[in-house]
Every structure is written in structure tokens, then in C-alpha cells.
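Asker: Predicted model and sequence below, questions to follow.
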Amino acid sequence: MDVAIVMGSISDWPNIKQTASLLEKFEVSFSTHVISAHRMPDQLQEFGKQAKHEQYKVIIAAAGGAAHLPGMLAANTTLPVVGIPVKTKALNGMDSLLSMVQMPSGVPVATVAIGDAGAKNAAILAAQVIALNNPKVEKSLEKFRNNQTQEAINSNDKLE
Ligand code: RP5
């Protein structure tokens, strides 16, 4: 598998299944995992340490609240980690966003937007990395971009 999608809780899945759907569309191979940083700290560390050995090329990590999952995965691997801040009830995901994007110097988490846009952009960003060495994925991405452009152009027809 090229990409690992890791989420902190099964409660993240309704948001994160959009990431999985887009990776499928781009024909990027991936696996999905629930690994809670605070409820499964040993498993989290093990996953990060083994990720390169498992041949993953990118890790997508989604979490909400005090969202240490992506940062702790990044601390245990030199693979690129894309963080998705899950929208929370208490603070609308600002907590998730800041705890990912404000990683101290030395261990980056490539943080995307809160919620749906982030879930989709994480898949696109991961596919762009995979496309560097995979012409089939590169083609899928080009098609996706062209369709998106065409839809935006066509939306002019809806103006009165
Ligand atoms: C985080 O805490 C998860 O990523 C989730 O977004 C949030 C709440 O988890 P649950 O209490 O719903 O399992 O670890």
C-alpha cells in the first residue's frame, strides 16, 4: 500500500471516508486504521516506527481536539505526514488545527484545512506525492483537475 490513513477514533470516519473515496478515485492504494494517540499510545508508536518498513510512502493522519496523533506519528518516522484537523463540537476544529499546524521546528505535519475540504485535500496532496513515480495516478490527477476547471467554467451558465 502506498498510503496509510490513520484516524484517532471511529467517530472521525464519517469525515475521513471522503479521503478514502478520493484515493480510490485516483487509484492510489491505501489502508485505513483507527489508532488513538491517547488510548493506544504503544500501537501509535509501533505504527510510526514500522511505517517505512511497510513500504508506505505517505501517512494521512486525522484527529480532533488536542490532536497529537499526526505529530506523534511524524515523530516516529521520516515519511511525510499529512494532518487533517477534524471539526470538533467544542471549538469547531480550531483546537485540532492549531495542535497540528503549530508543530515546533524539526518535525513537520503538512496540515490541511479543517473538515471536509481538508479530508479531500489530504487525498489530493498524497496522490500528488505518489504521482511523482506513478504515471497512472498522474493521469487521474490531471483528469480531476481538468474536470474541476470545466465545472467552474460551466457554472457561468447558471448566472442570470
Ligand atoms: C480524537 O478525539 C479523535 O480523533 C476524535 O476526533 C476525538 C474524539 O474521539 P471520540 O471520543 O469520539 O472517540 O482522539
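Answerer: Cool, the structure landed.

Asker: where's Met94 relative to Met100, distance?
Answerer: Met94 sits 11 Å away from Met100, going by CB to CB, to the nearest Å. For every residue, glycine as well, the C-beta is placed using N, CA and C.

Asker: which of those two has more neighbours?
Answerer: Shown here are Met94 and Met100; by other CB atoms under 10 Å, Met100 has more neighbours (29 against 13).

Asker: I'd say that one and Val82 touch.
Answerer: No - Met100 lies out of contact with Val82 (CB atoms under 8 Å); the separation is 9.7 Å.

Asker: Give me the spatial nearest neighbour of Asn121, chain neighbours excluded.
Answerer: Val112 (4.4 Å; CB to CB, 6 or more residues apart in numbering).

Asker: Now do the contacts for that neighbour.
Answerer: The contact partners of Val112, taken as CB atoms under 8 Å, 6 or more residues apart in numbering, are Val82, Gly83, Ile84, Pro85, Gly118, Asn121, Ala122, Leu125.

Asker: which residues does Ser36 contact?
Answerer: Taking CB under 8 Å, 6+ apart as the test, what Ser36 contacts is Gly8, Ser9, Leu44, Leu69.

Asker: Measure how buried the third one is and give me the count.
Answerer: Here the neighbour count serves as a burial measure; for Leu44 (other CB under 10 Å) it reads 24.

Asker: That one falls within a helix, correct?
Answerer: Yes - the assignment for Leu44 is a helix, going by DSSP: H, G, I helix; E, B strand; the rest coil.
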